[in-house]
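J.: fold the following.
(one chain, ligands or ions: 1)
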Amino acid sequence: MSLVLNHVTKKFGNDTAVNNLSLEIPDSEMFGFLGGNGAGKTTTFRMILGLLDITEGNITWNGSKINYRTSDVIGYLPEERGLYPKLKVKDQLVYLGKLRGMTKSEVLTELDQWLERFKVPEYIDKKVEELSKGNQQKIQFISAVIHKPKLLILDEPFSGLDPINVELLKDAVIDLKNQGTSIVFSSHRMEHVEELCEHLCILHKGSPVVQGSLREIKQSFGKKNLIIHADMPLEFLKDYSGVLKYKKLAEGCELQIENEDLSQKIFSALQNKGFVRKFNLEEPSLNDIFIEKVGAAYE
Ligand SMILES: Nc1ncnc2c1ncn2[C@@H]1O[C@H](COP(=O)(O)OP(=O)(O)OP(=O)(O)O)[C@@H](O)[C@H]1O
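T.: Take a look at the predicted model:
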């Protein structure tokens with residue numbers, strides 16, 4: 001049971017939007033797609049869902065081609081949100097739920113639970129146009145999951161949400177994953193992928209530049225971050241052999257170092273000079289990896 005992308009390429013005229021992408025996303029997995037604007041994330045999702053033709057390669061879900069329009073086991077939150085503004089939330093969800101094979105009472109039972117969960121039960125009788133953009137997004141998320149899909153594709157699910165709603169949505173996707181839903185989502189925000197995904201792919205101009213498990217990607221990057229808080233000048237570390245980046249912090253500095261062995265040498269060098277209050281060796285962040293692989297231009 002898995003989603004498989006096999007040497008997938010998409011061209012629009014002479015422009016290649018996705019270039020030779022191969023991936024396997026196992027069942028009950030949360031998979032993150034990262035990439036800058038125009039990297040090819042939405043195009044990949046549309047191909048997965050059968051909404052766009054594939055130029056080369058193929059995509060299967062449990063061995064078969066996907067057709068989002070006819071399948072009731074797939075959920076999709078598109079990047080361009082699109083609910084009917086004049087319809088009440090209840091009527092909208094009943095309509096969409098029925099398209100997915102649900103009865104009206106099944107929809108209303110599920111909808112009540114979701115609105116409670118998202119702390120907006122009073123929205124049930126409101127027209128969509130009366131809700132703020134962020135709250136419309138929560139309703140659209142509900143419309144993507146109300147039929148309990150097995151495969152859920154979320155295009156930028158957290159964009160435009162305030163921190164409290166981001167947390168509500170994160171908890172919801174974690175629960176869906178634990179109940180067995182395979183989830184693929186895109187994001188510009190590294191920390192969301194870092195927090196939620198076991199596996200990820202970074203796309204750059206349509207090509208995968210990093211892919212695999214988060215843990216292995218971090219380990220294979222080699223470089224580490226070293227956070228030092230100390231009562232002494234630390235500027236001399238800028239020129240220390242093996243120190244790749246130096247960033248001044250209010251209470252000390254953050255270094256990117258070539259390998260973890262170097263941290264021992266740095267610690268010895270500091271000991272004779274003064275009091276060290278914090279000395280933390282950390283894995284590189286996904287942001288460090290993204291910036292190195294995709295280029296500082298993205299920042
Ligand atoms: N229908 C289309 N016709 C022509 N070119 C397209 C079409 N759809 C997408 N593209 C091009 O394909 C490339 C990838 O676009 P895509 O929307 O997949 O990127 P994305 O990673 O989702 O970006 P963003 O984060 O900005 O949403 C872009 O260069 C875009 O201009």
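J.: hang on, residue 4 in a strand?
T.: Yes - Residue 4: assigned to a strand according to DSSP: H, G, I helix; E, B strand; the rest coil.
J.: tell me which residues touch it, please.
T.: For residue 4, the contacting residues are 23, 24, 25, 59, 60, 61, by CB atoms under 8 Å, 6 or more residues apart in numbering. In this view, the C-beta of every residue, glycine as well, is placed from N, C-alpha and C.
J.: repeat the analysis, applying 6 Å as the threshold.
T.: Contact partners of residue 4, counting by CB atoms under 6 Å, 6 or more residues apart in numbering, are 24, 60.
J.: just the pLDDT for it.
T.: Looking at residue 4, its pLDDT is 94.
J.: could you do the one 3 residues further on as well?
T.: With respect to pLDDT, residue 7 scores 96.
J.: likewise residue 67?
T.: Looking at residue 67, the pLDDT reads 84.
J.: and it, that's in a strand?
T.: No - assigned with three-state DSSP, residue 67 falls outside any strand and is coil.
J.: ok, it - contacts?
T.: residue 50.
J.: again, but for residue 45
T.: Taking CB under 6 Å, 6+ apart, one finds 153, 155 in contact with residue 45.
J.: and the top helix by length along the chain, what's buried?
T.: Longest helix in the chain by number of residues, with DSSP state H as the criterion: helix 163-178. Under the neighbour-count criterion of 16 or more other CB atoms under 10 Å, helix 163-178 has 165, 166, 168, 169, 170, 172, 173, 176, 177 buried.
J.: neighbours of the residue lying closest to the first one once chain neighbours are set aside, just the number please.
T.: The shortest distance from residue 165 to any residue other than its chain neighbours is 5.8 Å, reached at residue 134 (CB to CB, 6 or more residues apart in numbering). Applying the criterion other CB atoms under 10 Å, we find 14 residues in the vicinity of residue 134.
J.: so residue 134 versus the ligand, what's the distance?
T.: For residue 134, the distance to the ligand equals 18 Å [CB to the nearest ligand atom, to the nearest Å].
J.: that residue sits in which helix or strand?
T.: helix 133-145 (DSSP states H and E).
J.: next, format the buried residues of helix 163-178 as TSV and append distance to residue 245.
T.: Output for the buried residues of helix 163-178, formatted as TSV (distance: CB to CB, whole Å):
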residue	distance to residue 245
165	34
166	29
168	36
169	33
170	30
172	37
173	33
176	38
177	34
